[in-house]
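Asker: Could you work out the structure for the sequence below:
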Amino acid sequence: MENYSNIKDLIKLAKAHDRQAQETIISLYTPFIKRIVRYYGLFLSKEDREDLFIEALFATLKTIDYYSENVGRFEDFLFINIRNRILDILKTRKVEVPIENVLSKTSNFLDDINLKEEIEEFEDTLTENELEVFKLYLEGLKISQIASYLNRNYKSVDNTLQRIKKKAKKFMESI
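Answerer: Numbering: from 1, shown residues only. I've put the predicted structure just below:
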């Protein structure tokens, strides 16, 4: 995004409250903003994520106003401001956010979000039963522990894991 040929000029115009420049910046950064919202709102309802997105847009406009080249790259400054606004909102709503999400840096954030998106895509291929077993398996539970927790027999859980592994292999080959 930073390689946009005249981002600095665009920011100067937007800081002067040029509406078209502001809209262009928001348009350019909307996919980035949506990723941040999706990352921090992963376990929220669709409506709550939409609220976070609107707040992130407001944070973007404030970021434009407060941005100065001596604070670093615009994208990094934007990320920090949006992240902080979202965390404030989640805190007021008493939503727990894992500490690793709070400490995420921009480069790690982009890698993490791509990985989370791939996991979500894979999870969409699973049945409800498989998803339940998959999540427990990812938490480190053994087959016997999953079977006990779900009140199922060992072989049933083992078969479910085998199906999940086959689906995971197919999924990884398709990426």
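
Asker: Residue 71 versus the residue most central in space within the chain, what's the distance?
Answerer: Taking C-alpha atoms, centre = their mean as the criterion, residue 39 is the residue nearest the geometric centre of the chain, at 1.6 Å. The gap separating residue 39 from residue 71 is 22 Å, by C-beta to C-beta, to the nearest Å. (Glycine included, C-beta is placed from N, CA and C.)

Asker: Please apply the same query to residue 148.
Answerer: 53 Å.

Asker: circling back to that earlier point, the residue nearest to the centre of the chain sits in which helix or strand?
Answerer: Per DSSP states H and E, residue 39 falls inside helix 19-40.

Asker: again with residue 122
Answerer: Applying DSSP H and E, one finds residue 122 within helix 106-124.

Asker: Name the next helix or strand following that helix along the chain.
Answerer: Moving toward the C-terminus from helix 106-124, the next element (DSSP H and E) is helix 128-138.

Asker: Residue 34 and residue 53 touch, don't they?
Answerer: Yes - Residue 34 lies in contact with residue 53 (C-beta atoms under 8 Å); the separation is 6.7 Å.
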